[in-house]
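Enquirer: Next input, structure requested:
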Amino acid sequence: MADDLLDRFFGKGVPRIGGPPVANPRLTDPVGLQCLFDIPLDLPADKLAVTVREYHPDLEDATVEIYQVPPSGKPHDLEPALMGLVAWGAHVIKVVGFAHPMPANTVKGCVQPAHFDPQYKEIAYRHQTHVMLYYNGYDQNPLEQYVALAAVAGSLTVFGSVFTLNETARTAIPAPVLTPHEEDGGDMLAALRGLPLLLIYCGFVKLEVEGQPGVWMRTYGGHRFGLPDLALHADSHEMARFTFDLFNNALAYLRASGKSFAPGHTMQVGDDMFLRLRARVPDEWYLDSEGEMLVADRVAGSDVSVS
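Expert: Here you go, the predicted structure:
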């Protein structure tokens with residue numbers, strides 16, 4: 001049984017309707033989320049299956065398989081404590097659990113720039129164990145991939161998960177955000193689809209660069225959606241809410257319309273604020289991106305042809 005699960009975990013086999021799930025071997029760089037636990041790791045497959053199926057009616061036939069990895073004689077940080085698959089419909093999620101914390105620098109890189117009360121960040125820094133979730137299913141829509149991951153991440157709160165991270169996007173949220181709430185009207189998957197893109201699927205980070213006044217504000221992870229990352233040099237931290245909403249609305253518009261931005265495009269974003277997009281220049285190393293980066297520079301209204 002364990003050998004069969006591990007074969008399917010590594011993409012060996014042919015997926016069949018009604019058959020056991022097989023991870024998609026064609027996804028060489030899958031999207032993922034990371035879950036931090038404040039207690040020792042304990043994920044019984046039968047109990048996790050109940051929790052996942054109760055998360056949303058669309059998951060009522062979900063399957064959960066967990067393999068407890070026997071400890072080696074020389075344990076190390078890369079050695080998992082468990083591996084498994086959570087699957088329903090076209091979705092297959094790889095679960096890899098570790099009986100120790102995530103690397104501190106990785107956690108800090110996601111938690112420190114996140115936008116919630118600092119006292120809760122200390123809980124993340126003190127976590128004991130962690131689980132890595134990777135999308136290895138067959139839905140090609142990146143939003144649906146992240147929604148499936150978020151549903152499993154939300155289910156893990158029952159077992160001690162306290163924070164959900166997106167290492168690619170350099171962001172984090174308290175895990176209960178991904179659990180069902182009364183205001184969701186019983187449709188938590190719809191709520192996950194409606195989350196602001198920059199909340200957990202992409203990230204929004206503020207940077208203070210030595211020798212430069214003001215604050216750089218930028219996104220991470222847009223390439224996962226075929227979108228550019230965006231950056232703006234703001235006068236102060238007080239522009240964070242405005243810039244978050246500006247970037248989130250701009251990326252949502254691009255996703256919904258299928259249109260694109262390019263260097264030279266201009267826009268009006270307020271009664272007296274005009275922006276022109278440009279490419280990142282080489283010495284702006286702090287704006288490096290895994291995909292395209294577009295920098296929004298403020299310009300005078302007389303220089304703008306609104307597009």
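
Enquirer: Distance from the lengthiest helix in the chain to the middle of the chain?
Expert: Counting residues, the longest helix in the chain under DSSP state H turns out to be helix 240-257. Mean-position distance between helix 240-257 and its chain equals 17 Å (CA atoms, centre = their mean, to the nearest Å).

Enquirer: Direction included, what does the following helix or strand past that helix pair against?
Expert: Counting by DSSP states H and E, the next helix or strand C-terminal to helix 240-257 is strand 266-268. Paired neighbours of strand 266-268 in the sheet (DSSP bridges): strand 274-279 (antiparallel).

Enquirer: need the next SSE after the partner strand, C-terminal direction.
Expert: strand 293-299.

Enquirer: got the contact list for that next one?
Expert: Strand 293-299 is contacted from outside by 218, 228-233, 261-263, 266, 273-280, 284, 287, using CB atoms under 8 Å, 6 or more residues apart in numbering. All C-beta atoms are positioned from the backbone trio N, CA, C, and that covers glycine.

Enquirer: buried ones in it?
Expert: If you call a residue buried by 16 or more other CB atoms under 10 Å, then strand 293-299 has these buried ones: 293, 294, 295, 296.

Enquirer: Provide the strand pairings for that strand, with the direction of each partner.
Expert: strand 229-234 (parallel), strand 274-279 (antiparallel).

Enquirer: Residues contacting the first one, please?
Expert: This points to strand 229-234. So strand 229-234 is in contact with 212, 214-223, 240, 243, 246-247, 250-251, 275, 280, 287, 289, 291-297, going by CB under 8 Å, 6+ apart.

Enquirer: Next, the angle helix 240-257 makes with it.
Expert: 150 degrees (axes from the mean of the first three to the mean of the last three CA atoms, to 10 degrees).

Enquirer: now do the last one
Expert: What separates the directions of strand 274-279 and helix 240-257 is an angle of 70 degrees, with the same axes, to 10 degrees.

Enquirer: wait, what's in contact with residue 189?
Expert: By CB under 8 Å, 6+ apart, the neighbours of residue 189 are 56, 58, 147, 151.

Enquirer: Checking it next. Helix, strand or coil?
Expert: Secondary structure assignment for residue 189 (DSSP: H, G, I helix; E, B strand; the rest coil): helix.

Enquirer: where exactly do the helices run in this protein?
Expert: Using DSSP H, helices in the chain cover 2-9, 45-55, 104-111, 118-125, 142-155, 188-193, 240-257.

Enquirer: Thanks a lot, catch you later.
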